[in-house]
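**Q** For reference, the sequence and a predicted model appear below.
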Amino acid sequence: MNFYNGHWEKQYGVSMYHPQEIYEWHRENEELVFLAPHQKIYGKGMTLDGVVLTFHVTVGGRDIFHIVVEHYQGVVDCGPDFVVEEKRETLHLSEEENSLTLCCGESELRIEKSPLSFTFYYRGNYMTRMESSDFAYVRTDDTGVLLYEERAGDAYMQGATSLAVGELIYGLGERFGPLVKNGQAIDMWNEDGGTSSELSYINVPFYLSNCGYGIFVNDTGRVSFEVGSSQVGKVQFCVPGEKLDFYYLGGGTMKRSISLYTELTGRPSLPPEWSFGLWLSTSFVTDYDEETVLSVIEQMEEAQIPVRVFHFDCFWMKGYHWCDFMWDSEVFPNPQSMLQKIHDKGMRICVWINPYIAQASALFQEGMREGYFLKRANGDVWQWDKWQAGMAIVDFTNPQAKAWYQKKLEDLLRMGVDCFKTDFGERIPTEDVVYYNGADSKKMHNFYSYLYNEAVYEVVCHVKGKEEAILFARSGTAGGQKFPVHWGGDCFAKYESMAESLRGGLSLTMSGYGYWSHDIGGFEDTSTADVYKRWVAFGLLSSHSRLHGSNSYRVPWLYGEEATAVLRHFVKVKEELLPYLLEKAKENHETGIPLMRAMALEFPEDTACAYLDRQYMLGDRYLVAPVFREDGQVTYYLPHGKWVHYFTKEATDGGRWRTDTVDYFTIPLWERK
């Protein structure tokens, strides 16, 4: 959120109160607490009136500083809060005449008393700085006069870190625009916006600097970031209300900072081996029944294309009845028998779900009677007609509602379903809505996705075992990486959407998510055979690979005989790479370093890699450069070192750009020696 009008002035009606100096401080157990008034105090009379901010600084783990800045402390906090696991360490604090120094691991925080400033170091090297003017209590209706009457305007808390010359910022969740976030204004607000806009299904209030540190804003609400936009030398972040809570993660490298972040918010679980194979879907609104499904599977077998997971999308249930978790008996008269036939072919089964219960669902009356849905302030069930007629939303803050929902899924798992595609979770209301546990509805908007995916993941673990548990999820927020896998939402069937999907995936993995997938061939519309074949190569060289669309199938023979051969070829390539992928998956589970990596993450010292978003690393060994042109031409960069082409076995030195023209059975896939 931009409160400024240029450098010298504020927006109309905005007043900002900046902490000027430390008035008094004390150590309280392992916490540094100090008061910072918005003006310098020259005499006792100046302690009357005016804004005072209270700072709390603790050590949240090795190389982690936790900073909380409060204005009014009497505000009721109804939650929700991110699930954060700190490893509190001893606060090593020393004082000099005009400064306080805190040390943790190899990181150091030096706080100047007057004028107030925070400067962060790693191994003695400067990382970033927060000056007095970077902290602020903000009113949007303030006249500068404190009134007894309640003011109608909004209150915010702001922080900001400095941007050094050449410093670049990454992360902030799944974003389909430029990989480098400098110059962008970004709000953390989950929306179902497709892949072609500034909206995102997964918002993560964590940014990563190429200088080797990260900032995680510990607030589930609408956190607003101005990344070198409002003030070009700053990364500003603000939250509504009276408290700013954030972590400084000083790892010294971007990889280490991601590891620290996932140490706080949770490491990605380890997906089962079979999940790395090919997933085949019915697609969304296609016509299919048991005969169609089994026929498609047999055709894939005849084409010698191994499928590891078969996915039933929405219409495994009857229209207008989503979700009642009941197979549509008109097209699937004996679902348990059908599932067994699919299992007998060595395949797992995934079915589509969401957290919404249509009014026509057999579960609606029960859920309404028991109080399992979100409600309006007057006690009515919160309903609308978007997506499903009269649909209600399951209230996962109600333990009984969560258990009720999980029981429906458990019945499916015991029938033969292996995992779930947890679709939606972004269209969560904020006005006139009441949660069972009294949570703040605005702060629940993003966090709902965490509770939804957690509930589903838990029941899969319970029935199938943790080593077999996996989701195929769309929405998420901080901590959602614990419940893999996530896919990139609704993209179009064209090269531009293929590229924007990749940008979204790389941005997401720079935000602590370890795995990522996308709809091979695009979701909306139907691609040309050319785009389909190029997307197949890209999709099979992603961490997880799914053929899925909207109104048409994504089986290869519909795109021509060659498309079938291309798919068979790249499925085989992924099978060859499987031992390596499993090794990197284990590394992600243990360290938080993602399987799919932006070039800048793997080669931070190579400035040519900083902005690259049309190629990526698969682990630390393989470079992948998807083809985004009909003529098969692809321009990409090989970093310094020795490289061997996976297909042609050509060996070459890196540190240079290449332009290749490749056929459909080849993609720039280079092994780093």
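**A** Thanks, I have it.
**Q** Please name the nearest non-neighbouring residue to M157.
**A** Closest residue to M157 apart from its sequence neighbours, by C-beta to C-beta, 6 or more residues apart in numbering: L244 at 3.7 Å. Every residue, glycine included, has its C-beta placed from N, CA and C.
**Q** let me redo that: V83
**A** Using C-beta to C-beta, 6+ apart, the closest residue to V83 is G479 (5.3 Å).
**Q** how close does the one you found get to S449?
**A** Distance, G479 to S449, using C-beta to C-beta, to the nearest Å: 10 Å.
**Q** neighbour count winner among the two?
**A** Taking other C-beta atoms under 10 Å, G479 and S449 do not tie; S449 has more neighbours (28 against 23).
**Q** May I ask which helix or strand encompasses the more buried one?
**A** helix 441-464 (DSSP states H and E).
**Q** Packing partners of that helix?
**A** With contacts taken as 3 or more C-beta pairs under 8 Å, 6 or more residues apart in numbering; DSSP states H and E, helix 441-464 sits against helix 399-415, strand 419-422.
**Q** Among those, show me which one is buried the most.
**A** Greatest average neighbour count among the helices and strands packed on helix 441-464 goes to strand 419-422 (a mean of 24), per mean count of other C-beta atoms under 10 Å.
**Q** Enumerate every residue touching C323.
**A** Residues in contact with C323, defined by C-beta atoms under 8 Å, 6 or more residues apart in numbering, are 317, 353-358, 361, 363.
**Q** do that again at 6 Å, thanks
**A** Applying C-beta atoms under 6 Å, 6 or more residues apart in numbering to C323 gives the contacts I353.
**Q** That one and A478, how far apart?
**A** Going from C323 to A478 by C-beta to C-beta gives 26 Å.
**Q** circling back: what about the residue nearest to V83, distance to Y261?
**A** Separation of G479 from Y261 (C-beta to C-beta) stands at 10 Å.
**Q** From S295, how far out is F315?
**A** Distance from F315 to S295, counting by C-beta to C-beta: 17 Å.
**Q** So which of those two has more stuff around it?
**A** Applying other C-beta under 10 Å to F315 and S295 shows that F315 carries more neighbours, namely 20 against 12.
**Q** Phi and psi next, for that one.
**A** phi -80, psi 20 (degrees, to the nearest 10).
**Q** cool, M338 as well?
**A** Backbone torsions for M338, taken as degrees, to the nearest 10, come to phi -60, psi -40.
**Q** Now it: closest residue in space that isn't a chain neighbour?
**A** Leaving aside its sequence neighbours, M338 sits nearest to E290 (C-beta to C-beta, 6+ apart; 4.9 Å).
**Q** Compute the number of surrounding residues for the one you found.
**A** Using other C-beta under 10 Å: E290 sits among 17 other residues.
**Q** need the longest strand for this protein.
**A** strand 52-61 (DSSP state E).
**Q** Low-confidence ranges, the stretch 1-150 of the chain, go.
**A** Applying pLDDT under 70 to the stretch 1-150 of the chain flags residues 142-150.
**Q** Now with 50, please.
**A** Under the criterion pLDDT under 50, the flagged ranges of the stretch 1-150 of the chain are 148.
**Q** And for the stretch 401-550 of the chain?
**A** Using pLDDT under 50, nothing in the stretch 401-550 of the chain is flagged.
**Q** picking up where we left off before, which residues does the helix holding S449 contact?
**A** With C-beta under 6 Å, 6+ apart, helix 441-464 has contacts from 80, 190, 203, 220-221, 355, 396, 402, 406, 409-410, 413, 420, 422, 425, 428, 430, 433, 469, 471, 473, 475-477, 479-480, 483.
**Q** Tell me the buried residues within these.
**A** Among these, the ones that count as buried by 16 or more other C-beta atoms under 10 Å are 80, 190, 203, 220-221, 355, 396, 402, 406, 409-410, 413, 420, 422, 425, 428, 433, 469, 471, 473, 475-477, 479-480, 483.
**Q** In helices only, show me those residues.
**A** By the criterion of DSSP state H, membership of these in helices covers 402, 406, 409-410, 413.
**Q** Output those in JSON lines; the columns should cover distance to M347.
**A** Shown next, in JSON lines, are those (distance: C-beta to C-beta, whole Å):
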{"residue": "K402", "distance to M347": "30"}
{"residue": "Q406", "distance to M347": "25"}
{"residue": "L409", "distance to M347": "20"}
{"residue": "E410", "distance to M347": "21"}
{"residue": "L413", "distance to M347": "16"}
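**Q** E500: which of these is nearest?
**A** Distances from E500 to these, taken as C-beta to C-beta, are shortest for L409 (32.3 Å).
**Q** Not counting residues beside it along the chain, what's closest to that closest one?
**A** In space, L409 is closest to V459, 4.9 Å off (C-beta to C-beta, 6+ apart).
**Q** Equivalent analysis for A473, please.
**A** The nearest residue in space to A473 (C-beta to C-beta, 6+ apart) is T422, at 4.5 Å.
**Q** measure D219 to Q184 for me?
**A** D219 is 19 Å from Q184, where distance means C-beta to C-beta.
**Q** more neighbours, the two?
**A** Using other C-beta under 10 Å as the criterion, D219 and Q184 rank with D219 on top: 24 against 17.
**Q** Now do the helix or strand hosting V351: distance to the chain's middle.
**A** Assigning secondary structure by DSSP H and E places V351 in strand 348-353. On the basis of C-alpha atoms, centre = their mean, to the nearest Å, strand 348-353 is displaced by 22 Å from the centre of the chain it belongs to.
**Q** Just checking: what are the partner strands of that strand?
**A** Here strand 348-353 has these sheet partners by DSSP bridges: strand 309-312 (parallel), strand 419-422 (parallel).
**Q** The ones you listed: which one's closest to V84?
**A** Counting by C-beta to C-beta, and looking across all of the strands paired with strand 348-353, nearest comes strand 419-422 at 22.6 Å.
**Q** C-alpha coordinates for that closest one, CSV please?
**A** Output in CSV follows, covering the C-alpha atoms of strand 419-422 (Å, rounded to 0.1, in the frame of the first residue of the first chain):
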residue,chain,number,x,y,z
CYS,A,419,-5.6,-38.9,-2.9
PHE,A,420,-7.5,-35.8,-3.6
LYS,A,421,-7.2,-32.7,-5.8
THR,A,422,-8.1,-30.0,-3.3
